[in-house]
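> dropping the sequence and predicted coords here.
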Amino acid sequence: MLAKIGLVLLAVLVLLAVVVATRPAHFSIQRSATVHAPADVVYGYLGDLHAFQQWSPWAKLDPTMKTAYDGPASGVGQSYSWKGNSKVGEGKMTLKDLKPTEYVAIDLEFLAPMKATNLTEFKLKPAADGVNVTWTMSGENGFMGKAFGMVMDMDQMVGKDFETGLSQLQTLAEAEAKRRAEAARAVPPTANVPAPPPAPAH
């Protein structure tokens, strides 16, 4: 009897392994939001990993998280690494490609709890009174990633974080745009009046 049960369990495991192995490897998770602020303001929060952490949906999940920056102070090659609790894990982000006010690409490397390397992209397009931001993460799942995807809806789980992050980005960028507009209005009108020409020499 035990032998039969063992064979049945083995057959179930083999069948499960076959099902997992035949699942699509490629995945893509995407969310979009319209931010009512100039493109350069929005881009400022995306193209600099120091600013990225101000609105990241994961930045506050572990107050004791260890972080470090490496590479150039700004631009392609700038990187940010983190190591924290089970909610944030361990990984590294590196700026891969930048097109000011239009596009940001980031190599995203997870080291724990599971190893994976994905591509994160932000695409900015003009919208009414602002800019439309599309956040995409794509990559290839290994066997464990495929298995995890069978019991967890990754699009829903990660997508919810994306929505939270975009909402926080919207709040920060719109507040910054408002501050800039108020500062511009506060400039005395006479500051923009050209100086009178010098009096003619006698």
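It's in.

> helix or strand next in line after the helix or strand of the chain with the lowest mean pLDDT, which one?
The weakest-scoring helix or strand in the chain, judged by mean pLDDT, DSSP states H and E, is helix 143-151 (a mean of 53). Following helix 143-151 in sequence order, the next helix or strand is helix 154-185 (DSSP states H and E).

> buried sites along that next one?
158-159, 161-162, 165-166, 168-170, 172-174, 176-177 (16 or more other C-beta atoms under 10 Å). Every residue, glycine included, has its C-beta placed from N, CA and C.

> repeat that for stretch 55-72.
Applying a neighbour-count criterion of 16+ other C-beta under 10 Å, one finds 55, 56, 57, 58, 59, 62, 65 buried in stretch 55-72.

> quick one, helices of the protein?
Assigned by DSSP state H, the helices in the chain fall at 2-21, 39-46, 49-55, 143-151, 154-185.

> can you report how many residues lie near the closest residue to residue 105 other than its chain neighbours?
Nearest in space to residue 105, with sequence neighbours left out and distances taken as C-beta to C-beta, 6 or more residues apart in numbering, is residue 97 at 3.9 Å. The tally of other residues near residue 97 (other C-beta atoms under 10 Å) stands at 12.

> show me where pLDDT drops low in this structure?
Counting by pLDDT under 70, the chain has low-confidence residues at 1-26, 141-153, 189-202.

> repeat that for 50
16-17, 19-20, 143, 146-147 (pLDDT under 50).

> which parts of stretch 90-103 are buried?
By 16+ other C-beta under 10 Å, the buried positions in stretch 90-103 come out as 90, 91, 92, 93, 94, 95, 98, 101, 103.

> what sits against the residue nearest to the last one when sequence neighbours are not counted?
Excluding its sequence neighbours, the residue lying closest to residue 103 (C-beta to C-beta, 6+ apart) is residue 123, at 5.7 Å. For residue 123, the set of contacting residues under the criterion of C-beta atoms under 8 Å, 6 or more residues apart in numbering consists of 102, 103, 133, 134, 136.

> going by distance to residue 119, which of the residues you listed wins?
Closest approach to residue 119 among the contacts of residue 123 (C-beta to C-beta): residue 136, at 8.0 Å.

> need the contact list for residue 131.
For residue 131, the contact set (C-beta under 8 Å, 6+ apart) comprises 34, 35, 37, 38, 39, 42, 124, 125.

> correct me, but the last one touches residue 132?
What that stands for is residue 125. Yes. Taking contacts as C-beta atoms under 8 Å, residue 125 lies within contact range of residue 132: 4.8 Å.

> neighbour count for these two, which is higher?
residue 132 (16 against 13).

> look up how far residue 28 lies from that one.
18 Å (C-beta to C-beta, to the nearest Å).

> do the same with residue 68
Separation of residue 68 from residue 28 (C-beta to C-beta): 29 Å.

> list the contacts of residue 79.
Taking C-beta under 8 Å, 6+ apart, we find residue 79 in contact with 49, 69, 70, 71, 92, 93, 94, 95.

> ok, it to residue 45 distance?
Going from residue 79 to residue 45 by C-beta to C-beta gives 17 Å.
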